[in-house]
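J.: requesting a structural model of the entry that follows:
(one chain, ligands or ions: 1)
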Amino acid sequence: MIEQTEFQYRLKATDGAARLGEVLTPRGVIRTPAFMPVGTAGTVKGMYPSQVRELGADILLGNTYHLMLRPGAERVAKLGGLHELMRWPHPILTDSGGFQVMSLAALRKMSENGVTFRSHIDGSYYELTPERSVEIQGLLGSDIQMQLDECVRLPASREEIARALRLSLRWAERSKKAFESQPKGRALFGIVQGGDDPALREESARGLVDIDFPGYSIGGLAVGEPQDVMLRMLEVVNPILPADKPRYLMGVGTPDDIIESVARGVDMFDCVMPTRAGRHAQAFTRFGKINLKNARHAEDSRPLDEESDCPAARDYSRAYLHHLIRSDEMLGSMLLTWVNLAYYQSLTAGIRAAIAEGRFEDFKAGVKEGWARGDI
Ligand SMILES: CNc1nc2c(CCNCc3ccccc3)c3nc(N)[nH]c(=O)c3cc2[nH]1
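T.: As a prediction, the model looks like this:
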């Protein structure tokens, strides 16, 4: 733990609307733009924490929904908290659980007070309120916590989107009040909702800024809308959010989504794609995505990318990766997860260097060119 007890964002440089910054927390610095690997049940599946750190990740995601069900928030606290339990001494960000309840739980019921649901693991009943969600995230020891919110899947009616954003604003107030009892240095982010409607996005963003948070998440996107709609909402929301606070676009996304969102002022990203794709034979490389299950790789002795500084991409042949996947060997998923997280971390490291040197547009063009090559 470094001495500084405050949570602070420092804007270091801009290149157009792209921002280079740092988020200072008691457990360390997060260099932004940042990609945050997802560690759903207290582990980044198939990776050692030290490996994730070596790739350049400054922060991981933990999942309130999964951890409250198993092993339980009070139990994690009794065991010293999530950092201790998973041997990750750096910052951890947790989601509030509402989004996961709506996508995973059975028999869920949303009300003014919160959401009740049955565990997808053993069917037992739970209630998640703004206050309980903050309490759970506190028990986990989370450095950056999320308010409980309601994310509406798109397409949705204007009434539905307005109802959900206004409920989320009332939950933002309750979350902030409940958060006041937590140790200094931790942060609670408000989450902007408002679907694909510019006026409702503006109402949500202004409402949250009036309540005042140390950072803001942009929710309600990457839920089925086209990329241009997502980007348009960023162009509405980011100018309203304070320039001296971090902006976290939830659940995003592909490398192209990330680079286009950085260009519109986003600082932090999370996405299950690199880890989930790694378990489904998909490899992300500078030249696009490769499906290693495809028979065309059976005798290809080339590595995925001989110029990569990730051993999994540089030292193993496509033929071997193909064999591991076809044989359902666990090393196959482990190596591809490593490849994909390495790619995402090298992408955000490249973005940070490009903004620092005022060449972000060139970098963006270069990444798109590489992906367009496709002769992989
Ligand atoms: C994929 N698209 C997408 N994801 C969204 C999420 C979840 C972000 N990922 C968190 C996570 C944490 C641990 C483990 C796994 C995932 C959202 N979360 C909240 N609270 N609100 C949203 O509006 C919201 C919108 C999203 N869209």
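J.: so who does Ile376 touch?
T.: Residues in contact with Ile376, defined by C-beta atoms under 8 Å, 6 or more residues apart in numbering, are Thr285, Phe287, Gly288, Ile290. Yep, even glycine has a C-beta here, placed from its N, CA and C like the rest.
J.: kindly report the same for Asp95.
T.: Asp95 makes contacts with Leu61, Asn63, Thr64, Tyr65, Met146, Met250, as judged by C-beta under 8 Å, 6+ apart.
J.: can you do 6 Å?
T.: By C-beta atoms under 6 Å, 6 or more residues apart in numbering, the residues touching Asp95 are Thr64, Met146.
J.: please tell me how far it sits from the ligand.
T.: Between Asp95 and the ligand the distance, using C-beta to the nearest ligand atom, to the nearest Å, works out to 4 Å.
J.: neighbours around Tyr216, how many?
T.: 23 (other C-beta atoms under 10 Å).
J.: for the closest residue to it other than its chain neighbours, pull up the helix or strand it's in.
T.: Spatially, and ignoring its direct neighbours in sequence, Tyr216 is nearest to Leu241 (5.0 Å; C-beta to C-beta, 6 or more residues apart in numbering). Using DSSP states H and E, Leu241 sits in no helix or strand.
J.: in the stretch 101-250 of the chain, which residue sits closest to the ligand?
T.: Gly219 (2.4 Å; C-beta to the nearest ligand atom).
J.: quickly find the element holding Ile161.
T.: Assigned by DSSP H and E, Ile161 falls in helix 158-179.
J.: so Arg31 sits in a helix?
T.: No - Arg31 is assigned strand when assessed by DSSP: H, G, I helix; E, B strand; the rest coil, not a helix.
J.: hey, what's it bridged with?
T.: Here Arg31 sits in beta bridges with Glu22, as judged by DSSP bridges.
J.: any idea how far it is from Lys78?
T.: 33 Å (C-beta to C-beta, to the nearest Å).
J.: about what we covered before: for the helix holding Ile161, C-alpha coordinates in PDB please.
T.: Extracted as PDB, the C-alpha positions of helix 158-179 are listed here (Å, rounded to 0.1, in the frame of the first residue of the first chain):
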ATOM      1  CA  ARG A 158     -38.000   5.700 -24.800                       C
ATOM      2  CA  GLU A 159     -40.300   5.200 -21.700                       C
ATOM      3  CA  GLU A 160     -38.500   2.100 -20.700                       C
ATOM      4  CA  ILE A 161     -35.100   3.800 -21.100                       C
ATOM      5  CA  ALA A 162     -36.300   6.900 -19.100                       C
ATOM      6  CA  ARG A 163     -37.700   4.800 -16.300                       C
ATOM      7  CA  ALA A 164     -34.500   2.800 -15.900                       C
ATOM      8  CA  LEU A 165     -32.200   5.800 -16.000                       C
ATOM      9  CA  ARG A 166     -34.300   7.600 -13.400                       C
ATOM     10  CA  LEU A 167     -34.400   4.500 -11.100                       C
ATOM     11  CA  SER A 168     -30.600   4.300 -11.600                       C
ATOM     12  CA  LEU A 169     -30.200   8.000 -10.500                       C
ATOM     13  CA  ARG A 170     -32.200   7.400  -7.300                       C
ATOM     14  CA  TRP A 171     -30.000   4.300  -6.700                       C
ATOM     15  CA  ALA A 172     -26.900   6.500  -7.400                       C
ATOM     16  CA  GLU A 173     -27.900   8.700  -4.400                       C
ATOM     17  CA  ARG A 174     -28.500   5.700  -2.100                       C
ATOM     18  CA  SER A 175     -25.300   4.100  -3.200                       C
ATOM     19  CA  LYS A 176     -23.200   7.200  -2.500                       C
ATOM     20  CA  LYS A 177     -24.800   7.600   1.000                       C
ATOM     21  CA  ALA A 178     -24.100   3.900   1.800                       C
ATOM     22  CA  PHE A 179     -20.500   4.300   0.500                       C
END
